[in-house]
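Trainee: I need the structure of the sequence given here:
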Amino acid sequence: MYSSKKYFGKAITQYISKPLKDYGFRKYNTNNVVRLTEGGVLQAINFDKSRWGNGMFYVAVSNTPIKFYNSRFFPVGGERLGGFSSFIFPFSFEIRIKAQLCFEELQSEILRIILPWFDSTGDVNSLLEMHDLMSDIKNTDSGIYIHNAIFDRDDLAYLYMANKEWDKALSQLESIDDYIYDRELEKRIRQKSTDFDHIIKIIKDGDFEAIENTQNLNKERLWNELKLTKFKPYKITNSNARNDFIEKFNNRVERHSYYGDFSSYKYWFTFETLKQFKELYVTLDGFSESISGKLQKVSDRHFYIKINEYKFHFYFNSNDWVKEESLNYLECFSYDESLIEYFHINARVDFWGEYDGDMEYFNTHLFILDEINKIKDIKQFDTFECKFVN
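Mentor: Residues are numbered from 1 along each chain as shown. Down below sits the predicted model:
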């Protein structure tokens with residue numbers, strides 16, 4: 001049977017760490033992919049499974065200059081990735097085909113948008129410039145949520161200090177108390193440093209050598225704790241990275257909602273050819289209007305019915321693992337002899353709806369099933385009940 005836990009680790013290697021190896025990234029611990037730039041910035045992608053066991057995982061992306069010691073650089077105790085600017089992607093992997101689509105899309109998003117963003121922020125000066133460019137960006141409607149797209153004031157102060165812009169650093173540090181508006185933010189900031197008054201005094205005294213010595217000590221501490229001697233600093237050669245990032249970010253497209261919470265209404269059907277799948281598309285194209293839906297094609301293997309903002313997905317699945325997974329159902333449960341032939345399949349159509357906690361679309365999904373069941377010789381398998389239902 002499909003194990004999301006086992007698949008998760010293999011998928012990170014297959015879809016993320018191997019393709020990113022050519023760009024200087026390497027797997028770090030279990031759920032991180034990291035690179036160190038020649039400009040002294042540690043760039044990380046962290047994969048964090050939901051603590052609630054709801055088939056969700058989150059992807060956070062972060063930059064941290066190694067001159068700044070940050071105890072939250074890698075998350076502990078279920079916390080999100082700490083440090084500097086983060087994008088957060090929520091994804092779902094509780095059914096295998098959905099997990100595969102999630103990781104395929106995630107790989108595309110990382111290579112298309114996140115990699116140019118990393119290449120744009122490979123040193124302290126470029127981090128400051130990107131901060132100015134992104135200060136007005138908060139949330140987006142494309143499925144990408146930017147968490148801390150702009151820096152906390154203490155982070156910004158440290159960046160200015162690393163860039164020897166002392167007056168700007170002082171301005172940020174002196175305004176921290178006014179900036180703290182809730183306990184969570186205060187906790188996060190105090191976790192990184194509790195000695196702002198001392199730093200302010202050093203800057204006012206003009207003892208900049210002491211600050212640089214402290215930064216070097218922080219660098220050494222982070223270097224040793226994270227075992228950065230294993231990393232070869234990566235030279236960024238993409239001179240057009242910033243323009244590339246801005247263009248792609250501004251022209252981002254809607255994601256296809258493979259992510260999200262636990263799926264509702266999960267079935268598969270014994271369609272075994274693309275020709276049958278195309279005929280299903282034609283059948284449902286005429287039918288969708290009767291349920292106030294609109295059929296939208298994603299690819300030759302994937303389409304969905306959209307009703308308001310809710311989607312029912314159909315995917316022609318001919319992956320190598322389809323036969324193995326289908327036979328696993330046969331081994332784990334008892335079935336009538338007349339149904340055994342339907343488990344010996346090399347392809348099928350996976351059908352699922354997005355999370356529908358209030359069951360608003362329960363009757364609609366029954367109407368869709370009734371329409372599909374009119375097609376001759378097609379069997380419908382309910383993956384919740386683990387049985388054929390027609």
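Trainee: just the mean pLDDT for the helix or strand Ser108 falls within, thanks.
Mentor: Ser108 is located in helix 96-109, with elements delineated by DSSP states H and E. For helix 96-109, mean pLDDT is 79.
Trainee: state which helix of the chain is the longest.
Mentor: helix 208-225 (DSSP state H).
Trainee: can you give me how far that helix is from the chain middle?
Mentor: Relative to the centre of its chain, helix 208-225 is centred 32 Å away, using C-alpha atoms, centre = their mean, to the nearest Å.
Trainee: show me what that helix packs onto, helices and strands only.
Mentor: Here helix 208-225 touches helix 153-162, helix 196-205, going by 3 or more C-beta pairs under 8 Å, 6 or more residues apart in numbering; DSSP states H and E. For the C-beta atoms, the positions are set from N, CA and C on the backbone; glycine is no exception.
Trainee: lowest-confidence stretch among the ones you listed?
Mentor: Ranked by mean pLDDT, the helices and strands packed on helix 208-225 bottom out at helix 153-162, which scores a mean of 79.
Trainee: what sits against Lys232?
Mentor: 24, 36 (C-beta atoms under 8 Å, 6 or more residues apart in numbering).
Trainee: my read: Lys387 touches Gln380, true?
Mentor: No. Shown here, Lys387 and Gln380 do not form a contact pair, counting by C-beta atoms under 8 Å, at 9.9 Å.
Trainee: which one of these two is surrounded by more residues?
Mentor: The neighbour comparison of Lys387 against Gln380 (other C-beta atoms under 10 Å) goes to Gln380, with 18 against 15.
Trainee: quick one, strands of the stretch 151-300 of the chain?
Mentor: 264-269, 294-299 (DSSP state E, counting those that start in this stretch).
Trainee: direction included, what does the first one pair against?
Mentor: According to DSSP bridges, the neighbouring strands of strand 264-269, each with its direction, are strand 348-353 (antiparallel), strand 380-382 (antiparallel).
Trainee: out of the strands of the stretch 151-300 of the chain, which is closest to Asn163?
Mentor: The closest of the strands of the stretch 151-300 of the chain to Asn163 is strand 294-299. By C-beta to C-beta, the value is 45.1 Å.
Trainee: got the angle between the helix or strand just after that closest one and strand 348-353?
Mentor: Counting by DSSP H and E, the next helix or strand C-terminal to strand 294-299 is strand 302-307. With axes from the mean of the first three to the mean of the last three C-alpha atoms, to 10 degrees defining the directions, strand 302-307 sits at 30 degrees from strand 348-353.
Trainee: what's the following helix or strand after strand 302-307?
Mentor: Next in line after strand 302-307, if elements are assigned by DSSP H and E, sits strand 310-317.
Trainee: what angle separates that next one from strand 302-307?
Mentor: 160 degrees.
Trainee: helices and strands around the helix or strand hosting Lys5, which ones?
Mentor: For Lys5, the host element (DSSP H and E) is helix 4-11. Applying 3+ C-beta pairs under 8 Å, 6+ apart, we find helix 4-11 packed against helix 96-109.
Trainee: ok so, going back, got the strands of the stretch 151-300 of the chain as a markdown table, with distance to Lys306 columns?
Mentor: Shown next, in a markdown table, are these (distance: least, C-beta to C-beta, whole Å):
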| stretch | distance to Lys306 |
| --- | --- |
| strand 264-269 | 15 |
| strand 294-299 | 5 |
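Trainee: mean neighbour count, those: which tops it?
Mentor: Per residue and on average, the most neighbours among the strands of the stretch 151-300 of the chain fall to strand 264-269, with a mean of 21 (mean count of other C-beta atoms under 10 Å).
Trainee: which strands or helices does the helix holding Ser108 pack on?
Mentor: Applying 3+ C-beta pairs under 8 Å, 6+ apart, we find helix 96-109 packed against helix 4-11, strand 86-92, strand 310-317.
Trainee: and those, which one averages the lowest pLDDT?
Mentor: Mean pLDDT across the helices and strands packed on helix 96-109 is lowest at strand 86-92; the value there is a mean of 54.
Trainee: for the longest helix of the chain, buried residues please.
Mentor: Under the neighbour-count criterion of 16 or more other C-beta atoms under 10 Å, helix 208-225 has 211, 214-215, 218-219, 222-223 buried.
Trainee: let me know the closest of those residues to Arg348.
Mentor: Nearest member of the buried residues of helix 208-225 to Arg348, counting by C-beta to C-beta, is Leu222, at 49.6 Å.
Trainee: thought that closest one was touching Leu228?
Mentor: Yes. Judged on C-beta under 8 Å, Leu222 makes contact with Leu228 at a distance of 7.2 Å.
Trainee: need the overlap of contacts for the two.
Mentor: Contact criterion C-beta under 8 Å, 6+ apart; residues shared by Leu222 and Leu228: 42, 66.
Trainee: Tyr28 contacts Val34, doesn't it?
Mentor: Yes. Tyr28 is within contact range of Val34, at 4.2 Å (criterion: C-beta under 8 Å).
Trainee: the more surrounded of the two?
Mentor: Set side by side, Tyr28 and Val34 show more neighbours around Val34, with 24 against 21, by other C-beta under 10 Å.
Trainee: can you check the pLDDT for the more buried one?
Mentor: Val34 is given a pLDDT of 89.
Trainee: which residues touch whichever strand or helix holds it?
Mentor: Take DSSP H and E as the rule and Val34 turns out to sit in strand 32-36. Residues outside strand 32-36 that contact it (C-beta under 8 Å, 6+ apart): 12, 16-17, 20, 23-28, 42-47, 66, 74, 118, 228, 231-234.
Trainee: just the ones in strands from these, please.
Mentor: Among the contacts of strand 32-36, DSSP state E puts 26-28, 42-47 in strands.
Trainee: okay, among these, which ones form the most distant pair?
Mentor: Greatest spacing in those, by C-beta to C-beta: Leu42 and Phe47 (16.7 Å).
Trainee: these two: which is more packed in?
Mentor: For Leu42 and Phe47, the more surrounded residue by other C-beta under 10 Å is Leu42, and the numbers stand at 24 against 21.
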